[in-house]
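Peer 1: this is a predicted model, with the sequence first.
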Amino acid sequence: MRHHLVLRVVSKLLIPFIILYGLYVQFHGDFSPGGGFQAGVIVAAAIILYALIFGIERAKQVFKPQILMVLAPLGVMVYALTGYAALALGGTFLDYDFLSQNDTGGQHLGIFTVELGVFLTVASVMTLIFLAYAGRTHEIDDDDW
Amino acid sequence: MLELILAKYNYWIVIVLMMAGLYVVVARGNLVKKIIGLNVFQTSVFLLYISMGKVAGGTAPILTGKDEVFSNPIPHVLILTAIVVGIATTAVGLAIVVRIREAYGTIEDDEIDEAENQDMAADLAGRRR
Amino acid sequence: MELLIDIVLLGILGITAVAILWTRHLFVATMLSGAYSLTSAALLVALDAVDVAFTEAAVGAGVSTVLMLGALTLTRRREKAANRRIGVGPLLLVIVTGALLIYGTVDMPAFGDPNAPALMHVVPEYIAGTRDDIQIPNIVTAILASYRGYDTLGETAVIFTAGVGVLLLLGRRREEDEEAGTRRPEREA
């Protein structure tokens, strides 16, 4: 990728904005279309763009697969633990009303935590799947397309 | 008759798209082509569900303080889940296709059949000796 | 006006589906399926499903195309020519299934009916609950995360399982597989 100067410069400018947009979609999921899934896929797309332009090895150094393999089940656990917390505080499983003093505050807190868990899992799993595909040796050279 | 068509045209066109995707899955032998056809099929099913939930004169289900008619939000929730499950299935399916390619050297299903038959014949011959 | 947008977008989808069916070059089919997903995302916006359109555009036109291209670099790029005849069996199956489905839609409520039975029972409750109890503007997020939160937990587990599955299948490198002896004998040369 040494000779793709335009691609490298433009993607260096764009990738922070893509990640920022993903975080915007995540936290504004309550007010406009968005939420955990969309944000996770957008952040994974930013990471995939980085891996495509700068090479798989550098992408693996920045976004270490070991850390991603910890983040993926962590998202599911955060979701499940929110449910168990509601159970421990007196309600039924995933009943967000009991997470705070008033019902509405509890619902907001529950939805926020749950979407965060979904975001972590979706972003890390999409990135891991891409790195698994890209890590195998290729049959077709780059110039054969 | 025109009324019937105007009432149902969306469903019928989407059903034709679904059948095109289904034909690609059933009739083509290349495994990657089958998975692409499956993707087309799934996307058309999503269109069918969402068009069942549309309300004429309605708007997107986001509260804005004004009293308005909303389209049915429950199909949207179901299809959000379905889209993500679809990509998960595609990812695992393509991983299996890559492993099949490495094991058999081909991704056409009739060539894989032949290779399997040769394998079985070689196994039986080897065992009889 | 909406009718015109609907018809044009459905026409583009139909042409793209036929082109995917017809082409032999798998790279072309992958790109066309990305275009299919993007056009259906536009159609979904016209059908008032903005959350779904967002997800479909990001997932279908983005990640799905990248994964298929990744799989294509590890396999072949063209379909075999002999498999191209129009099979009578599949065609018959497809026509019969399509006819049954169209027969089934005769009983359904008309497209856009505001008095459809699906809108009568739970939906007014959810909308009122989102306005009064939960108090967030996005009804779809409220249903996804709160009213139907258990389904979303299952869905997150499904995504995680898919990630585990792909890592098990493709995680080790080919050289390690060769040494472990899991590859067929004729490919070692």
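Peer 2: Here it is on my side, so go on.
Peer 1: figure out how far the helix or strand that contains A:L116 is from the centre of its chain.
Peer 2: Using DSSP states H and E, A:L116 sits within helix A:103-134. Averaged C-alpha coordinates place helix A:103-134 at 6 Å from its chain's average position (C-alpha atoms, centre = their mean, to the nearest Å).
Peer 1: the helices in chain A, which residues?
Peer 2: Ranges of helices within chain A are A:5-27, A:36-54, A:56-62, A:65-88, A:103-134, based on DSSP state H.
Peer 1: can you put the ones you listed in a markdown table and add mean neighbour count?
Peer 2: All C-beta spots, glycine's among them, are computed from the backbone N, C-alpha and C. Output for the helices of chain A, formatted as a markdown table (neighbours: other C-beta atoms under 10 Å in any protein chain shown):
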| stretch | mean neighbour count |
| --- | --- |
| helix A:5-27 | 14 |
| helix A:36-54 | 23 |
| helix A:56-62 | 13 |
| helix A:65-88 | 17 |
| helix A:103-134 | 23 |
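Peer 1: now those helices as TSV including mean pLDDT and distance to B:D119?
Peer 2: As requested, the helices of chain A are arranged in TSV below (pLDDT from 0 to 100; distance: least, C-beta to C-beta, whole Å):
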stretch	mean pLDDT	distance to B:D119
helix A:5-27	93	45
helix A:36-54	93	37
helix A:56-62	90	34
helix A:65-88	93	35
helix A:103-134	92	27
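Peer 1: with adjacent residues omitted, what lies nearest to the residue nearest the centre of chain C?
Peer 2: Most central in chain C under C-alpha atoms, centre = their mean is C:G60, positioned 6.6 Å from the mean C-alpha point. Distances taken as C-beta to C-beta, 6 or more residues apart in numbering or on different chains place C:S37 nearest to C:G60, at 2.8 Å, with adjacent residues excluded.
Peer 1: which strand or helix spans that neighbour?
Peer 2: C:S37 is part of helix C:26-46 when elements are defined by DSSP H and E.
Peer 1: that helix packs against which elements?
Peer 2: helix B:31-53, helix C:2-22, helix C:50-58, helix C:64-73 (3 or more C-beta pairs under 8 Å, 6 or more residues apart in numbering or on different chains; DSSP states H and E).
Peer 1: what parts of chain A come near chain B?
Peer 2: Residues of chain A lying close to chain B (C-beta under 8 Å from any C-beta of the partner chain) are A:S32, A:P33, A:F37, A:V122, A:I129, A:A132, A:Y133, A:R136.
Peer 1: just want the most central residue of chain A.
Peer 2: A:A123 (2.4 Å).
Peer 1: tell me which element the closest residue to B:M52 other than its chain neighbours is part of?
Peer 2: The shortest distance from B:M52 to any non-neighbouring residue, by C-beta to C-beta, 6+ apart, is to B:P75 (6.4 Å). Secondary structure assignment for B:P75, by DSSP H and E: helix B:73-104.
Peer 1: give me the buried positions along the helix or strand following that helix.
Peer 2: Moving toward the C-terminus from helix B:73-104, the next helix or strand (DSSP H and E) is helix B:109-128. Under the neighbour-count criterion of 16 or more other C-beta atoms under 10 Å in any protein chain shown, helix B:109-128 has B:D109, B:I112, B:A115 buried.
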